[in-house]
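Novice: Generate coordinates for the sequence data below:
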Amino acid sequence: MKLTILGGGGFRVPLVYRALLGDRAEGRITRVALYDVDADRLGAITRVLGEQAAGVPDAPVVTATTDLDEALRGADFVFSAIRVGGLAGRAADERVALAEGVLGQETVGAGGIAYGLRTVPVADAIARRVAEVASDAWVINFTNPAGLVTEAMSRVLGDRVIGICDSPVGLGRRVARLLGADPDEAWFDYVGLNHLGWLRGVRVAGQDVLPRLLADPEALGSFEEGKLFGAEWLRSLGAIPNEYLHYYYFNREAVQAYRKAERTRGAYLREQQAGFYGSPSLGSWRATLADREATYMAANRAAAGVGERAEEDLESGGYEKVALALMRAIARDERATLILNVRNRTTLSVLDADAVIEVPCRVDANGAHPVVVAPLPYHAAGLVTAVKAVEREVMTAAEGGSRAAAVRAFALHPLVDSVTVARRLLDAYVDAHPGLAYLAKS
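Specialist: Alright, predicted model coming up:
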């Protein structure tokens with residue numbers, strides 16, 4: 001079977017290849033095609049993958065190309081992990097937002113909107129090429145903002161595009177371990193949008209054990225989300241929010257911490273990865289990855305007044321394992337339950353059928369099927385519907401070049417507090433990104 005990786009020069013591609021190297025079952029991926037617009041980055045990652053494959057019998061054969069159609073031909077699965085504008089674009093997204101006193105994170109708030117406005121037109125074009133060149137392929141989307149991009153691609157590919165994220169998986173595994181449960185045996189009642197979801201239950205042998213954790217303030221404060229949000233707030237919610245909800249619940253503190261930081265996250269990663277790409281090797285990739293994971297959401301931890309990440313939270317094996325499990329379930333009809341980004345159908349009554357949501361899904365040879373979940377409480381439904389409205393405005397702007405829709409996307413976001421600021425944000429982003437020229441001042 002053939003896997004095509006879009007964004008094949010991306011830093012995290014070796015994580016995917018490492019997972020493939022460990023798969024020895026029948027029907028495994030035997031060919032990997034890397035596609036990227038940057039030939040130098042492709043060369044660097046190809047070298048690392050070659051070192052990973054050394055001494056591994058029957059390692060998947062790797063090819064690299066800057067020709068999209070060549071990469072797509074014959075693909076059974078397409079893994080999309082592109083970054084339109086690169087880390088320089090991310091750094092600009094952060095800088096522009098912070099200059100206006102609002103959040104610039106790459107998937108949340110103004111920064112996420114800017115990233116979406118750049119990415120949706122490219123993702124739409126890719127989806128159309130997949131439909132033309134590899135119509136039988138399943139697309140696994142990890143491109144951020146993952147929920148928005150998956151929904152945009154689904155307008156072309158329907159249910160054959162499925163979004164993945166490692167945040168819900170990491171949250172569920174941390175909570176299960178804390179409760180003494182096997183994460184692989186637990187059922188996680190998780191629901192929301194990408195980077196905007198809540199863990200509402202952890203069922204083991206049919207019993208929800210999450211209330212036991214919520215009743216224990218000491219245990220609640222001992223893991224990543226407990227440290228970020230505080231035990232009192234988690235008990236008040238009666239659920240464990242995805243870590244990205246820290247930007248909503250503690251927005252003022254997060255913005256202050258980001259403005260005080262020496263560099264934005266995008267600028268930090270750009271400088272960090274420049275060293276790796278300048279002299280690529282498996283050893284330097286591992287060292288850079290370890291530093292990347294250790295500094296993840298550092299500004300949020302600073303805002304919460306907590307220290308460095310716990311060692312168990314540095315464990316790798318997130319999205320690449322989800323991707324592998326998803327491919328296995330579809331290719332081999334090995335039924336699995338995974339938290340994925342899929343079209344809503346009738347799962348959440350507050351959203352329409354085509355809205356992409358993030359929920360547990362049953363996966364088989366016919367794809368991913370969202371399970372029935374309990375309704376969202378009003379506070380969560382309010383955030384979910386508001387952010388989904390923003391995503392829809394981003395898609396409208398991208399499809400028709402509508403400046404008015406782009407302004408609405410910024411102005412309607414819960415973390416942008418002024419229409420005037422929304423207009424200034426759009427103007428600044430258009431000035432910063434040539435790819436947003438289609439939204440130029442009128």
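Novice: Name all residues that make contact with the spatially closest residue to residue 100 that is not a sequence neighbour.
Specialist: Closest residue to residue 100 apart from its sequence neighbours, by CB to CB, 6 or more residues apart in numbering: residue 421 at 5.3 Å. For glycine as for every other residue, the C-beta is placed from the backbone atoms N, C-alpha and C. Neighbour list for residue 421: 100-102, 410 [criterion: CB atoms under 8 Å, 6 or more residues apart in numbering].
Novice: Show me what the helix or strand of the chain with the lowest mean pLDDT is packed up against.
Specialist: Across the helices and strands of the chain, mean confidence by mean pLDDT, DSSP states H and E is lowest for helix 298-304: a mean of 71. Here helix 298-304 touches helix 224-229, helix 246-249, helix 251-260, going by 3 or more CB pairs under 8 Å, 6 or more residues apart in numbering; DSSP states H and E.
Novice: can I get those in TSV with distance to residue 392?
Specialist: Listed next are the helices and strands packed on helix 298-304 as TSV, based on distance: least, CB to CB, whole Å:
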stretch	distance to residue 392
helix 224-229	29
helix 246-249	19
helix 251-260	22
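Novice: returning to what we had before: immediately after the least confident helix or strand of the chain, which helix or strand?
Specialist: helix 319-332 (DSSP states H and E).
Novice: distance between that next one and the chain's centre?
Specialist: With CA atoms, centre = their mean, to the nearest Å as the basis, helix 319-332 stands 16 Å off its chain's centre.
Novice: Ok, stretch 426-440 next?
Specialist: The answer for stretch 426-440 is 24 Å, by CA atoms, centre = their mean.
Novice: In the stretch 51-200 of the chain, mark out all the strands, start to finish.
Specialist: Listed in chain order, the strands of the stretch 51-200 of the chain (DSSP state E, counting those that start in this stretch) span 61-65, 77-80, 138-141, 161-163, 187-193, 196-204.
Novice: in the longest one, what counts as buried?
Specialist: Neighbour counts over strand 196-204 (16 or more other CB atoms under 10 Å) mark 196-202, 204 as buried.
Novice: Repeat that for stretch 29-41.
Specialist: Applying a neighbour-count criterion of 16+ other CB under 10 Å, one finds 29, 32-38, 41 buried in stretch 29-41.
Novice: do the same with stretch 72-88
Specialist: Residues of stretch 72-88 classed as buried: 72, 75-87 (neighbour count, 16+ other CB under 10 Å).
Novice: quick one, what contacts the nearest residue in space to residue 256 that is not next to it in sequence?
Specialist: With sequence-adjacent residues excluded and distances taken as CB to CB, 6+ apart, residue 256 is closest to residue 303, at 6.9 Å. Contacts for residue 303 (CB under 8 Å, 6+ apart) come out as 246, 250, 253-254, 256-257.
Novice: gap between residue 303 and residue 417?
Specialist: For residue 303, the distance to residue 417 equals 18 Å [CB to CB, to the nearest Å].
Novice: Can you turn the buried part of the contacts of residue 421 into a PyMOL selection?
Specialist: Here is the PyMOL selection string for the buried members of the contacts of residue 421, based on 16+ other CB under 10 Å:
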select buried, resi 100+102+410
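Novice: among the contacts of residue 421, which are in helices?
Specialist: If you go by DSSP state H, the contacts of residue 421 have residue 410 in helices.
Novice: Can you lay out the contacts of residue 421 as CSV showing distance to residue 388 and pLDDT?
Specialist: Output for the contacts of residue 421, formatted as CSV (distance: CB to CB, whole Å; pLDDT from 0 to 100):
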residue, distance to residue 388, pLDDT
100, 23, 97
101, 25, 96
102, 20, 96
410, 15, 98
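Novice: among the contacts of residue 421, which two are most distant?
Specialist: Across these, the longest distance by CB to CB is 13.5 Å; it joins 101 and 410.
Novice: and stretch 244-260, which residues are buried?
Specialist: 244-248, 250-251, 253-255, 257-258.
Novice: hmm, back to that, which one of the buried residues of strand 196-204 is nearest residue 431?
Specialist: Closest to residue 431, out of all of the buried residues of strand 196-204 and judged by CB to CB, is residue 196, at 28.9 Å.
Novice: Which residue lies closest in space to the closest one, excluding its sequence neighbours?
Specialist: Leaving aside its chain neighbours, residue 196 sits nearest to residue 387 (5.7 Å; criterion: CB to CB, 6+ apart).
Novice: got the angle for the helix or strand containing the one you found vs strand 187-193?
Specialist: Residue 387 is part of helix 378-400, with elements assigned from DSSP H and E. Inter-element angle recorded for helix 378-400 and strand 187-193: 50 degrees (by axes from the mean of the first three to the mean of the last three CA atoms, to 10 degrees).
Novice: For helix 378-400, buried residues please.
Specialist: Neighbour-count burial for helix 378-400 [16+ other CB under 10 Å]: 380-381, 383-385, 387-388, 390-398.
Novice: I'd like the mean pLDDT over it, please.
Specialist: Mean per-residue pLDDT for helix 378-400: 97.
Novice: again, but for stretch 220-231
Specialist: 94.
Novice: Would you mind measuring the gap between the ends of that stretch?
Specialist: 5 Å (CA to CA, to the nearest Å).
Novice: For it, what is the distance to the chain centroid?
Specialist: Centroid separation for stretch 220-231 versus its chain: 22 Å, with CA atoms, centre = their mean.
Novice: do the same with stretch 413-424
Specialist: Using CA atoms, centre = their mean, the offset of stretch 413-424 from its chain centre is 24 Å.
Novice: Please identify the buried residues of it?
Specialist: Across stretch 413-424, burial judged by 16+ other CB under 10 Å covers 413, 415-416, 421-423.
Novice: Look at that stretch and report the distance between its end residues.
Specialist: End-to-end distance (CA to CA), stretch 413-424: 15 Å.
Novice: same deal with stretch 139-151?
Specialist: 12 Å.
Novice: State the mean pLDDT of that stretch.
Specialist: Per-residue scores along stretch 139-151 average to 97.
Novice: My read is that residue 210 contacts residue 190, right?
Specialist: No - counting by CB atoms under 8 Å, residue 210 does not reach residue 190; the two are 10.9 Å apart.
Novice: Give me the angle between the helix ranked longest in the chain and helix 378-400.
Specialist: Longest helix in the chain, counting residues (DSSP H): helix 109-133. Relative orientation of helix 109-133 with respect to helix 378-400: 60 degrees, computed using the same axes, to 10 degrees.
Novice: so what does helix 109-133 touch, helix or strand wise?
Specialist: helix 68-72, strand 77-80, helix 86-99, strand 138-141, helix 146-157, helix 378-400, helix 403-412, helix 419-432.
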